[in-house]
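# Sequence plus predicted model, see below.
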Amino acid sequence: MITARAAASFEPVGRSVATARTFVRDTLQGWGYSDVVDDAVVLTSELVTNAVVHAGTNADVLCLRTDEGIRVEVADHYPEREVPLQGSGQSFGNPDREGGRGLLLCAALASRWGVDYTPTQKQVWFQLDLPQRPVGARSAGPLLPAELLPVADGRVRVAVIQIDATGAVSSWNEDATELFGHPADQVVGKQLTDFAAWPHTPGTGTGIADALQLSRWEGSYGIRTADGRVVPVYASHLRVRDAQGEPSTVCLLVNDYERAVLQTPARTPQNDSNSFTDHRTTDPFEVFIGSPAPDDLDGLLQRTVERARDMLDADAAFLLLATDDETELEVRATTGLPSARQRFARVPVEAGTGRYGSARMPAVHEDLAAVPGAVPLLNGTGMRSVVTVPLKVEGRLTGSLGVSTEAPGRYSNEQALRLQFAADRIALAVESARLGELEKLRRGSLSFLVEASDLLAGTLDRDQTLALMAQMTVPTLAAWCAVYTIADQSSEPYLSYVLHEDEERIDGLKALLSRISPPEPVPTPGARSWAAPGEAAHQAALTSSMRSLGLGSSPALGSGIGTTLATAAAVGGETVVLPLVARNRVIGMLTLGKPSDDHFRQEILELAEDLSRRAALALDNARLYSERTAISQALQRSLLPPGLPEVPNVEVEVIYRAAGEGNEVGGDFYDLFPIRDGAYGFAIGDVCGTGPEAAAVTGLARHALRLLAREGFSGPAVLERLNAAILDEGARSRFLTLLYGELWPQEDGSALLKVVCAGHPLPLRLRQDGTVESAAEPQPLLGVMEDLELYEQAVTLEPGDVLLCVTDGVTERREGTRMLGDDGLADVLSTCTGLTAGAVAGRILRAVERFAAEPASDDMAILAMRVPEPPK
């Protein structure tokens, strides 16, 4: 049964694909179906691309919500296109190709899909079923004897925070103030996202906005305190409504090590004393983990280490998962250890410095003090006795489970066998959950990269590209990001952009990175560690602390101890550098960092590497575009006169507007220059086309006019010689329309002009009585025929008269089928009686701009000359 629907139509333009993705994402998020958002966005993107790009028609998108999931229908209006049918023997296409992947993805990702035809359109639909279990991270604590109950503070504080429908804090109790340091009056009304450090990874978990919309949610995240620290908390969210029906979310939070206060207990079947005893065999996995098992991988791993610790009466337990190539182990869950420091840390399986030891076989270490470094994870923790066992599936190493205690000699082979038995029971479930998480991550990564590519392709501005690079990585991939750029091979890396998830940390982070040497621009692909920021921050914090105690000089960062310590905590985790390589050259480095003692997941580093390749190409394209634009603008400026001379008793005004974004050199030009005492030459012309070829003819024309006119040639002779010079260019020549004239101011206040109009829009003369007439006759344009016979015409401008000269960008201004034309220009000019030359040119420009709603597509040049009236 359909419970909700949303529909939209998108025009056949490239930007519609991104708009459709946003529409589907917002719709499904609003319905609370975040589990299927990434798959739906990827499929919609491909199908809408087929409609608007390949079919060239409108795309109609319909989203339908049902109790089982969602159905999305994408229809275009080009039904003749053939669609390969599954099972027909017809190929879906190669998945490595850039096109033709829409139906292939439907077959791979959708629960069901199909194609429907009508006489007017073709409709491709897909359905995504919701997972059987509800969204949300859920976990349960074990049933323990009294002596093994979890330890809590003498007074357990439970923060009660209420969040309204907009995500803002509406209530904040005293315990919340004690735990996090924020008084209620400073946080009420602010967004919870301003304080929550949410551990979000693309495609692998519920975002904070999603969690606040769910009826119930339980799990871990962090809250930023007033002094900048992040306090790990365990939270339980409940969605409620008031008497008026307004929804809000009540959040209960405790310190993470007191999670047992809020953690949902495991449900155990209740035995009826009057019923017969059930002698059915119990699942060994449920015996160890408890029922029900956690829904997500992190919950399952955390439950596993807690049960392993309790089973062997240990002080700590840890679980590591192997990478796909089984060369490294990655810390995924710990209890009794500083988990924030160890999470996602990686150690080698076999040989090398700090190797993990016998990871493929059970091992018992009675005293780590006798074999230092045998288990690098426990270095500096005070643990003495440890037992580790492998997790294997079909003979392949998938992980390692270990427990440890502070007392030596606690464990023997008997405990190792017990732990190995438990590991064998849970290995398959852990591997299945890991593969499920990896699949979700890959789907989320695909959606992330699709949107990132779309954003990067949408700009050619260098600064905006740098900002996008940083904003896409923070906080999705890292806590902070810095982008270094390299202008050329001889230049040093330059710190171009810095971003931190906490805006108050940006200045301190930028100051810190500015004081240390940038990373080496190594072209080797992949992420490499960079220890310099963490070491510099640690040294700065130490110096600042010593100074506060009166034991040293000023802090290295030149700021207060609070800011220095906060900056040190912000960059204290793992820092990696990824090269930005474009066109076989390192053009910069993308630096990503984590806060204190935190590490990157390998999957996140792989996603960051994919992003860096796309970002590098986008940044290099922006650089090339900027260079091309600068060259074009410099060339354009060189083709126009540097300034206009003062002409006695004649007002002159020129307006020049180049069309486009400035990356093409226009073909329009103008000039006004002195020929000899009392005589001035003027010209306005238009070369066919744009770009370098047109620019060459423009430069030739402007400089030739000045040279020939000053040699004493008449107007026709000047243009005839210019015509010959253009024809001499051969295949590089372009035809040219040109209005050239010579101007002599007269003693009686008038001005004598002699003009030649070679294929150019005719000059218009405005008399004092408002009449408008042509001031010349049309003659052949230049650059087409040899042996031109041109003639000049004399015009006398009386006081108050105006001569208007324009290029065809003015007269050919269009709005649909309408065109301004010569008559329209004459009508506008007739309203300019009594105006100065500047006012006349300005009114003409406004009339041209208002004639059509769209921006002008052609260059425009306007030259107005007016003989002022004598003062009365």
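That came through fine. Residues are numbered from 1 along each chain as shown.
# dump the residue contacts of the closest residue to residue 806 other than its chain neighbours.
Of all residues not flanking residue 806 in the chain, residue 862 sits nearest, at 5.3 Å (C-beta to C-beta, 6 or more residues apart in numbering). Placement of C-beta: from N, CA and C, glycine included. Applying C-beta atoms under 8 Å, 6 or more residues apart in numbering, we find residue 862 in contact with 653, 654, 655, 656, 804, 805, 806, 810, 841, 844, 845.
# bridging residues for the third one?
Taking DSSP bridges as the rule, residue 655 bridges to residue 862.
# thought it was touching residue 845?
Yes - using C-beta atoms under 8 Å, residue 655 is in contact with residue 845, at 5.4 Å.
# Identify the contacts common to the two.
Each of 860, 862 lies in contact with both residue 655 and residue 845 under the rule C-beta under 8 Å, 6+ apart.
# and the residue lying farthest from the centre of the chain, how far is that from residue 837?
Here the chain reaches farthest from its C-alpha mean at residue 748, the gap being 67.6 Å by C-alpha atoms, centre = their mean. Counting by C-beta to C-beta, to the nearest Å, the separation of residue 748 from residue 837 is 20 Å.
# Kindly give the local confidence score, pLDDT, for residue 563.
Per-residue pLDDT puts residue 563 at 65.
# And residue 700, by the same measure?
Note on residue 700: pLDDT of 87.
# Kindly report the same for the one 10 residues further on.
At residue 710 the predicted local confidence, pLDDT, stands at 93.
# Residue 679 is in contact with that one, correct?
No - contact criterion C-beta under 8 Å: residue 710 and residue 679 do not qualify, at 9.9 Å.
# mind listing the helices for the stretch 351-500 of the chain?
Ranges of helices in the stretch 351-500 of the chain, per DSSP state H, counting those that start in this stretch, are 413-457, 462-473.
# no wait, the stretch 51-200 of the chain
For the stretch 51-200 of the chain, the helices defined by DSSP H, counting those that start in this stretch cover 102-109, 174-180, 184-187.
# Please tabulate the ones you listed in JSON lines, including the columns mean neighbour count.
Shown next, in JSON lines, are the helices of the stretch 51-200 of the chain (neighbours: other C-beta atoms under 10 Å):
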{"stretch": "helix 102-109", "mean neighbour count": "19"}
{"stretch": "helix 174-180", "mean neighbour count": "17"}
{"stretch": "helix 184-187", "mean neighbour count": "14"}
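# Mind putting those helices into a markdown table with mean pLDDT and distance to residue 743?
Converted to a markdown table, the helices of the stretch 51-200 of the chain look like this (pLDDT from 0 to 100; distance: least, C-beta to C-beta, whole Å):
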| stretch | mean pLDDT | distance to residue 743 |
| --- | --- | --- |
| helix 102-109 | 74 | 66 |
| helix 174-180 | 93 | 79 |
| helix 184-187 | 92 | 73 |
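# So in the protein, which strand runs the longest?
If you go by DSSP state E, the chain has its longest strand at strand 230-241.
# List the buried residues for that strand?
The neighbour-count check on strand 230-241 (16 or more other C-beta atoms under 10 Å) flags 230, 231, 232, 233, 234, 235, 236, 237, 239 as buried.
# How about stretch 47-62?
Neighbour-count burial for stretch 47-62 [16+ other C-beta under 10 Å]: 47-52, 55, 57-62.
# likewise stretch 853-864?
Residues of stretch 853-864 classed as buried: 856, 858, 859, 860, 861, 862, 863, 864 (neighbour count, 16+ other C-beta under 10 Å).
# what about it, how long is it end to end?
One end of stretch 853-864 sits 25 Å from the other (C-alpha to C-alpha, to the nearest Å).
# Residue 217 against residue 237, yeah?
Yes - taking contacts as C-beta under 8 Å, residue 217 lies within contact range of residue 237: 4.1 Å.
# In the next helix or strand after the longest strand of the chain, which residues are buried?
Downstream of strand 230-241, the next assigned helix or strand under DSSP states H and E is strand 247-255. Across strand 247-255, burial judged by 16+ other C-beta under 10 Å covers 248, 249, 251, 252, 253, 254, 255.
# Next up, the contacts around the nearest residue to the first one once chain neighbours are set aside.
The shortest distance from residue 248 to any residue other than its chain neighbours is 5.2 Å, reached at residue 164 (C-beta to C-beta, 6+ apart). Shown in contact with residue 164 (C-beta under 8 Å, 6+ apart): 170, 246, 248.
# Quick check, pLDDT for residue 164.
We have a pLDDT of 92 for residue 164.
# One more: residue 370?
So, for residue 370, pLDDT stands at 84.
# ditto for residue 706
Looking at residue 706, the pLDDT reads 92.
# And for residue 295?
Confidence at residue 295, expressed as pLDDT, is 68.
# likewise residue 656?
Residue 656 is assigned 89 on the pLDDT scale.
# How about it: what's its closest non-neighbour residue?
Among residues not flanking residue 656 along the chain, residue 861 sits closest, at 5.1 Å (C-beta to C-beta, 6+ apart).
# go on, residue 506?
Once flanking residues are discounted, residue 506 sits nearest to residue 500: 5.0 Å by C-beta to C-beta, 6+ apart.
# so who does that neighbour touch?
Taking C-beta under 8 Å, 6+ apart as the test, what residue 500 contacts is 474, 479, 480, 481, 506, 509, 570.
# Between residue 217 and residue 237, which contacts overlap?
residue 211.
# which secondary element of the protein has the worst mean pLDDT?
Lowest mean confidence among the helices and strands of the chain (mean pLDDT, DSSP states H and E): helix 339-342, at a mean of 51.
# What pairs with the next helix or strand after it, parallel or antiparallel?
Where DSSP H and E defines the elements, the next helix or strand beyond helix 339-342 is strand 346-348. When pairing is defined by DSSP bridges, strand 346-348 lines up against strand 328-335 (antiparallel).
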